[in-house]
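> only geometry, no sequence info:
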């Protein structure tokens, strides 16, 4: 391995917080100081371009993170702030950063609950104050000085989730839709397993060679990795159907069987994702619930 390539891999793998590091040509990353079981080492904030730049996913409303980002880009102008989705670990800092720099906030639409008034899921994790200056729809292109991004609609983890294809880097900023360190949490009512799987299928048709996710290091060979994610979800779906056939009728019973040894901190995510699979199976006529499909319902396999 040549020295330049080795240096690139070391930089790409380094996700220490608070330092803006170059991870690829024209792409720098700063990790927010918000590590958790759901955010890994923290939210990845990306700076794209030189001189006049764009910021992708500015992160949580953490004044120190925003100040560090501004200090690290001193002498440059932040022209655009792109937001993949409105979970609180991705979008709130956009407003603080825009106020300090005059940048335009673009990207995903504000959060609109899939089922207004419904309880549960990750709706409470959304940023209710997100107010972009410009909303991008699937296929829309944002052009800046030295960079451009194509919006790729990828609902599933969140109904308003976008990825951003970066033509100059042959890469895609994948938010929480595809990450190398973990599979995405899909949590109804805002999350949808059917949408998530369809979005993965849509990415399979694309040709980017690297994904830069919202948490953790880069996804190399993304087409292969996306195929693996789809295979994993289909295996999980088959396992859930098998447990339903064996008489496990509740989310809790299925999780206990399929997630043996799961860390307690991750149990809520496992329950939500299992429910998302059940909701999708009911919608496709492969399972049925006693009444409405809810996290507390009883389920059985059809056919």
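Received it, and whenever you're ready, just let me know what you need. Just so it is clear, the model here is predicted, and its values are computed rather than measured.
> can you map out the strands along the stretch 151-300 of the chain?
162-166, 171-175, 210-213, 219-220, 287-289, 299-301 (DSSP state E, counting those that start in this stretch).
> Residue 59 is nearest to which of those strands?
Closest to residue 59 of the strands of the stretch 151-300 of the chain is strand 171-175 (C-beta to C-beta; 12.0 Å). Every C-beta, even on glycine, is put in place using the N, C-alpha and C of the backbone.
> I'd like to know which of the strands of the stretch 151-300 of the chain lies nearest to residue 265.
strand 210-213 (20.3 Å).
> Redo the strands of the stretch 151-300 of the chain as a markdown table? Include mean pLDDT, mean neighbour count and distance to residue 61.
Putting those into a markdown table (pLDDT from 0 to 100; neighbours: other C-beta atoms under 10 Å; distance: least, C-beta to C-beta, whole Å) gives the following:
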| stretch | mean pLDDT | mean neighbour count | distance to residue 61 |
| --- | --- | --- | --- |
| strand 162-166 | 98 | 26 | 20 |
| strand 171-175 | 98 | 28 | 18 |
| strand 210-213 | 98 | 24 | 21 |
| strand 219-220 | 96 | 18 | 27 |
| strand 287-289 | 97 | 19 | 38 |
| strand 299-301 | 98 | 18 | 39 |
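> Of the ones you listed, which is nearest residue 236?
Of all these, strand 287-289 comes closest under C-beta to C-beta, at 13.6 Å.
> if we look at the closest one, which residues are touching it?
241, 244, 278, 281, 282, 297, 298, 299, 300, 301, 302 (C-beta atoms under 8 Å, 6 or more residues apart in numbering).
> where along this structure do the helices fall?
3-13, 63-72, 93-101, 193-204, 222-245, 251-258, 267-283 (DSSP state H).
> Same list, the ones you listed, but as JSON lines with distance to residue 213, mean pLDDT and mean neighbour count please.
Shown next, in JSON lines, are those (distance: least, C-beta to C-beta, whole Å; pLDDT from 0 to 100; neighbours: other C-beta atoms under 10 Å):
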{"stretch": "helix 3-13", "distance to residue 213": "11", "mean pLDDT": "41", "mean neighbour count": "12"}
{"stretch": "helix 63-72", "distance to residue 213": "18", "mean pLDDT": "97", "mean neighbour count": "16"}
{"stretch": "helix 93-101", "distance to residue 213": "17", "mean pLDDT": "98", "mean neighbour count": "20"}
{"stretch": "helix 193-204", "distance to residue 213": "12", "mean pLDDT": "97", "mean neighbour count": "19"}
{"stretch": "helix 222-245", "distance to residue 213": "10", "mean pLDDT": "97", "mean neighbour count": "16"}
{"stretch": "helix 251-258", "distance to residue 213": "25", "mean pLDDT": "96", "mean neighbour count": "18"}
{"stretch": "helix 267-283", "distance to residue 213": "17", "mean pLDDT": "95", "mean neighbour count": "21"}
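> Turn the ones you listed into CSV, columns for distance to residue 48.
What follows is the helices of the chain, written out as CSV (distance: least, C-beta to C-beta, whole Å):
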stretch, distance to residue 48
helix 3-13, 15
helix 63-72, 13
helix 93-101, 14
helix 193-204, 20
helix 222-245, 18
helix 251-258, 39
helix 267-283, 30
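> Export the contacts of strand 287-289 as CSV, with columns for distance to residue 103.
Below are these laid out as CSV (distance: C-beta to C-beta, whole Å):
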residue, distance to residue 103
241, 48
244, 50
278, 42
281, 43
282, 43
297, 45
298, 50
299, 47
300, 52
301, 51
302, 51
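> Check these against residue 141 and report the nearest one.
Residue 141 lies nearest to residue 281 out of those, by C-beta to C-beta, at 36.9 Å.
> for the closest one, what are its contacts?
Taking C-beta under 8 Å, 6+ apart, one finds 237, 240, 241, 287 in contact with residue 281.
> Tally up the residues packed near the spatially closest residue to residue 24 that is not a sequence neighbour, please.
Nearest residue to residue 24, sequence neighbours excluded (C-beta to C-beta, 6 or more residues apart in numbering): residue 169, at 6.0 Å. For residue 169, the tally of surrounding residues (other C-beta atoms under 10 Å) stands at 18.
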